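**Student:** Sequence below, structure please.
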Amino acid sequence: MNTDILIELRNLTRLYGDLAAVNQVSFSVPRGQILGYLGPNGAGKTTTVKMLTGIIHPTDGSARICGFDIQKDSLEVKRRIGYVPESGAVYQSLSPLEYLMVIGRLYHIPDQAISRRIDEFATFFQIGDHLSMRMTGFSKGMKQKVVIAAALLHNPEVLFLDEPLNGLDANTALQIKKLLRELSAAGKTIFYCSHILDVVENLCDRVIIVNKGRVTADGSVKNLKEMTQRSSLEDVFADLTLEGDQTEMIRAISSQLVLPKRDTGDEQP
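**Tutor:** Next comes the predicted model:
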């Protein structure tokens, strides 16, 4: 077993009837790398993450996390990963303190250690005054802070993040990006899904672009720019995922949306 490879996919496939949401995808991610996993809606990003985190089973192929098979050793995999889902769901009837205590105990962390880590996250996210409040009235950003804290609570080796900055204010998002770089430097592997391409461009060591269930590009942002002769990841993404030139369509749509000039009454009869 190669201990420097923390995520490994081999022909991973997921079918929904005749539709291949993920179609024979293969790649590996080494320790300490931040991987940006990109694709248009319906490309298979979230389906890939759900298979790797054990939420759904593959139709075919295999994957290993930290050397453990995602199907045969699913509990061992879950012990070693943290997951921030796109939905950012929490048990809203609980307070952050209660919710994080439950999560910590599920991972068999001693209560004293859970309390210490909760205090650290409360300080980092500036939610100390809200720890004992029910989350029913929390904003999306406040809930997202709790979800991220829950994913990090047990000090996982691999982090799966699906739109982790959803709802966060600019300052918190900046601190999260700094934290992810620190975790990467400490040897954590981070699997980062997002539609915010400028964040991916500045944060990720490597980018994989998927389209229609297949990998269409894999490399550093610099390499992908050179390959497509484009100046930004946004342009690279458009080149590899858009079918045909959309310019004329955009012009046609915009021409129908132009508002008529307001009558100022200055025109002469």
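**Student:** Okay, helices next: where are they in the stretch 1-150 of the chain?
**Tutor:** 45-52, 74-80, 96-106, 111-125, 140-152 (DSSP state H, counting those that start in this stretch).
**Student:** which strands and helices sit next to the third one?
**Tutor:** Judged by 3 or more CB pairs under 8 Å, 6 or more residues apart in numbering; DSSP states H and E, helix 96-106 is in contact with helix 111-125, helix 140-152. All C-beta atoms are positioned from the backbone trio N, CA, C, and that covers glycine.
**Student:** angle of the last one against helix 96-106?
**Tutor:** For helix 140-152 and helix 96-106, the angle between their directions (axes from the mean of the first three to the mean of the last three CA atoms, to 10 degrees) works out to 20 degrees.
**Student:** Let me know the average pLDDT across helix 140-152.
**Tutor:** Mean pLDDT, computed over helix 140-152, is 95.
**Student:** Pull out the buried positions in that helix.
**Tutor:** Of the residues in helix 140-152, 141-152 count as buried by neighbour count, 16 or more other CB atoms under 10 Å.
**Student:** rewinding a little: now the helices and strands packed on helix 96-106 in JSON lines, with distance to Q175?
**Tutor:** JSON lines is the format used below for these (distance: least, CB to CB, whole Å):
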{"stretch": "helix 111-125", "distance to Q175": "7"}
{"stretch": "helix 140-152", "distance to Q175": "10"}
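**Student:** so where's the stretch 101-250 of the chain shaky on pLDDT?
**Tutor:** 243-250 (pLDDT under 70).
**Student:** Give me the pLDDT value at I7.
**Tutor:** Looking at I7, the pLDDT reads 98.
**Student:** now it: how far from K143?
**Tutor:** Separation of I7 from K143 (CB to CB, to the nearest Å) stands at 27 Å.
**Student:** Check which residues of stretch 70-90 are buried.
**Tutor:** Under 16+ other CB under 10 Å, the buried positions of stretch 70-90 are 70, 73, 77-85, 88, 90.
**Student:** no, scratch that, I was asking about stretch 35-55
**Tutor:** For stretch 35-55, burial by neighbour count (16+ other CB under 10 Å) applies to 35-40, 43-54.
**Student:** go on, stretch 28-37?
**Tutor:** Buried residues in stretch 28-37, counted by 16+ other CB under 10 Å: 29-37.
**Student:** and what of stretch 131-140?
**Tutor:** Neighbour-count burial for stretch 131-140 [16+ other CB under 10 Å]: 131, 135, 138.
**Student:** Tabulate the residues you listed (a markdown table), appending distance to L106.
**Tutor:** Converted to a markdown table, these look like this (distance: CB to CB, whole Å):
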| residue | distance to L106 |
| --- | --- |
| L131 | 19 |
| M135 | 18 |
| F138 | 21 |
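**Student:** Closest to L168 out of those?
**Tutor:** F138 (12.8 Å; CB to CB).
**Student:** And the closest one, how far from H195?
**Tutor:** Distance from F138 to H195, by CB to CB: 24 Å.
**Student:** same question, T46
**Tutor:** For T46, the distance to H195 (CB to CB) stands at 12 Å.
**Student:** swap in I34?
**Tutor:** Following CB to CB, the distance that separates I34 from H195 is 17 Å.
**Student:** likewise D4?
**Tutor:** Here the criterion is CB to CB. By it, D4 lies 30 Å from H195.
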